Structure formats: structure tokens, C-alpha cells
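Asker: Next input, structure requested:
(one chain, ligands or ions: 1)
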Amino acid sequence: MKTDEIKSLTEAHIINTYGARNIAFVRGKGTSLWDAEGNEYLDFFGGIAVTALGHCHPKVTDAITKQAATLVHVSNLYLTQPCAELADLLSKHSFADRWFFSNCGATAIEASIKLARRYWSQQGTLKPTIISMQQSFHGRTMAAITATGQPKYHEGFAPMLPGIVHVPFNDHAALMKALTDDVGAVLLEPIQGEGGIRVVDTEYIKSVRALCDARNILLIFDEIQCGMGRTGTLFAHEQFGVTPDIITLAKALANGMPIGAMGCTEKVASGFSVGSHASTFGGNPVCTAAAKATVEAMLEPGFLDNVKKVGAYFIEKLNGLKSRHANIVEVRGNGLLIGVEMKEPVAPVIAKMLEARIVCGPAGPNVLRFAPPLIITNGQVDHVVATLDKVLGAS
Ligand SMILES: *Cc1c(COP(=O)(O)O)cnc(C)c1O
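Answerer: Below is the predicted model:
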């Protein structure tokens, strides 16, 4: 099928929540994508921070095809090896002792909110209130949009879930002011993704941890976007020297196969018992086999170091552009999660980058987002920055 045909079928039958789309990608390999007309693109968006190892990584493809030919699904009424092995691998490389697997980011967030509330209810102290951050993003199910601190995502969906309040990000005094006796958890992204690539202050995240310890509150880190190697450590929180009680993962966890995960300490896991939470597809053998292959590839020597090096190089080059283009407000990020805040909407810039066969995306109206596969090279960074330089010069 050519793009026109794919477009007309899509526009006839898909509910229009994504707006007009004019490119149909049909194949990917490493950092390259090809459209239905055979044009090659350099992918600096990674399917929104998902294809961290690059498209169709051979080890992940191998794990998927082997598992797909062996056993695709049996339900959580039975044990399966890929799910057990993934939980073991993630536990060995994180603070978490126990995991619940779901199907996407939003369902990992749902699990974390349910676990936090049930943990305190099991302890006999009702502390259902959750403090979340303004400008955050946690997904599109009802609890997840309620937790999301951006009113535009709430429009028309009222009433929101009771018991979730929002405070300004990186503002300790505001957090203190919002603290009531019924607060059971604080939820935050160590790097806000959709909200505009805003990195948490180290002092702030440390003070939130100390506050949660002092006041007996659970700390939940949403690392759905900033986790899984994106900042050059397996998890973003490792960079701040602060550990949560609960973590949520998704996006890059299986390099493109749909999966979500919630990890927590042994103690907090006691909040759930038999029957208190479940998912038909959660922990699916094909998705967990893909995730295991993905995590193993990320842990290979040198892989994460390269993310730090290329990420620092990219940010340095973008800051160089900033000195020459007055419409760049700020370059923000860590590793290969990078935002370029502009004075005006970035949609025209993204369109011109696509014309030059480079894929990038927005993080809110005025922020250009780069979340490329973690295997990009300095040479590719040079090409993207030079192209952006031309695009900004022309606009
Ligand atoms: C993408 C994202 C989600 C939601 O994930 P879905 O898989 O789209 O449900 C939640 N939190 C953060 C930080 C995200 O970036």
C-alpha cells in the first residue's frame, strides 16, 4: 500500500484522536525508518522514547520470534518462564524486590496508585491522598489523567478521581503546604517528559525523599519515559542518589512491544494480596521475552556509557545553536532525553525537519523533543544539529 491508501483507510475508520498524519512508516532498522514510498529517515524520536535499541534490534527480534513460535499466551492462572526471568533480572538491577506487569504506562500508573492506597489501608491507616506534580504526565486512563498535572488532559472528562492533588514541580515549600495527614504517596517523574523535558532538582528530589521518610509517605517515581537507559543509567533516579518505594516503567522496556511494569520493595508489595489486582495480558510471554532481551542488551558493557557521552555531546551542540538563534529559550535534558524550548510553537520546525528526513517531535506546544534510539553516533548528532540550524535560520 502507498501512503495515500493507508491515509484514506485511516481517516475513514480510525477515531480521530491523533490529528492529520501524512507519513506511513513501513520498515525500520537501527536508527533508520522507511516510508511507504521508500524514502529513508533518520529517527531521533524513537517512537516517543520507545525503540531505545534502534528498530528491529536482532536480539529482541530473535526473542520475539522464538517466543511467538513457542507460546504466546496462557493467562496469569499459570506460571510462565519469560515473566519470571524478567522480574528476576529487573530485581537484580534495581531497588525493587517485586514486580507487577501490565500492558502500558498508564496501567503501570494505575497499579502504583492502587498499591499505594491499599498498602495504607492494609496498615489500618487510611491515607488515600496522592500528591502529584503540575506539568506532569502519567497517561490517559482516568486515574492517570487525574494524576497528570495538565488541565488540558482533563477537559470534558470530569469528575476526576478524588484524592489526587497537584503542586508545582521543584518547589519544596509548596509540597510542605499541601501535606495533610491523609497523604499516602508522592508521585513524580524525575524528568518530566510530555510536560516539556524538565529535570528534577537534585536538592528537591532529596528533600522529597527525606520528607517521605519523616512523614511515612510512599514515594513513587514514574520512569516510564526517563527510565530504561535513557539518561545513561538503567534508571534515572540513580543519577540523583535517591531511591523510590515504587517505580513505574513502560515505553523502552521491551523496545517497542507493549508492556508496563510496576516495581516496589518487599514491604510495599505486601499491600497487594491474592485477587487485589490483575491483568489478562500483563506479563505476556512474548512481551516479557522481548523485555528481557532489551534489558540484557542495555546492560552490555559500554552501552550506557555511550548514552552519557553522546547525550552530553548533543546537549553541548544544541547549546551552541542557542547562542546563534534568539528564538531558542533553553536546552534541557539528561542523556538522550532532550528538550529545546522555543519562543514559538515547534510544529513548523518539526515539519521542516521531516522534509529533511529527520524525525523528532514535540513535548508540549513550544518544546522540541529529541528521544532518539540510544545507539546514535556523534556524526548523526552533527547532521541533526546542522539541519536544525538551517531550519531555524529559514524560519
Ligand atoms: C508515556 C507516558 C505514560 C503513559 O504511557 P502509555 O503507555 O501511553 O499509557 C506515563 N507516564 C509517563 C512519564 C510517560 O511518558
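Asker: can we go C-alpha only for contacts and neighbour counts from here?
Answerer: Noted.
Asker: show me where the stretch 151-300 of the chain has strands.
Answerer: Under the criterion DSSP state E, counting those that start in this stretch, the stretch 151-300 of the chain contains strands at 164-167, 183-188, 191-192, 198-199, 218-222, 246-249, 260-264.
Asker: So which of those is nearest L53?
Answerer: L53 lies closest, by C-alpha to C-alpha, to one member of these: strand 246-249, at 16.1 Å.
Asker: Dump the closest one to PDB, restricted to CA.
Answerer: Only the C-alpha atoms of strand 246-249 are listed here, as PDB (Å, rounded to 0.1, in the frame of the first residue of the first chain):
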ATOM      1  CA  ILE A 246       7.600   2.300  43.900                       C
ATOM      2  CA  ILE A 247       8.700   2.700  40.300                       C
ATOM      3  CA  THR A 248       6.700   2.600  37.000                       C
ATOM      4  CA  LEU A 249       8.200   1.600  33.700                       C
END
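Asker: check contacts around the residue nearest the centre of the chain.
Answerer: In the chain, the residue lying closest to the centroid (C-alpha atoms, centre = their mean) is Q225, at 1.6 Å. Counting by C-alpha atoms under 8 Å, 6 or more residues apart in numbering, Q225 makes contact with A49, G193, L249, A250, K251, A252.
Asker: which residue packs closest to the third one, ignoring adjacent ones?
Answerer: What that stands for is L249. Closest residue to L249 apart from its sequence neighbours, by C-alpha to C-alpha, 6 or more residues apart in numbering: I224 at 4.1 Å.
Asker: Neighbours of the one you found, how many?
Answerer: 30 (other C-alpha atoms under 10 Å).
Asker: So it versus the ligand, what's the distance?
Answerer: 5 Å (C-alpha to the nearest ligand atom, to the nearest Å).
Asker: My guess is that residue contacts K251. True?
Answerer: Yes - contact between I224 and K251 holds when scored by C-alpha atoms under 8 Å: they sit 5.8 Å apart.
Asker: Show me the common contact partners of these two, please.
Answerer: By C-alpha under 8 Å, 6+ apart, the residues touching both I224 and K251 are G105.
Asker: tally of neighbours for E40?
Answerer: Neighbours around E40, by other C-alpha under 10 Å: 16.
Asker: Which secondary structure element is home to the closest residue in space to it that isn't next to it in sequence?
Answerer: In this structure, E40 finds its nearest non-sequential neighbour in W34, 4.5 Å apart by C-alpha to C-alpha, 6+ apart. W34 belongs to strand 32-35 when elements are defined using DSSP states H and E.
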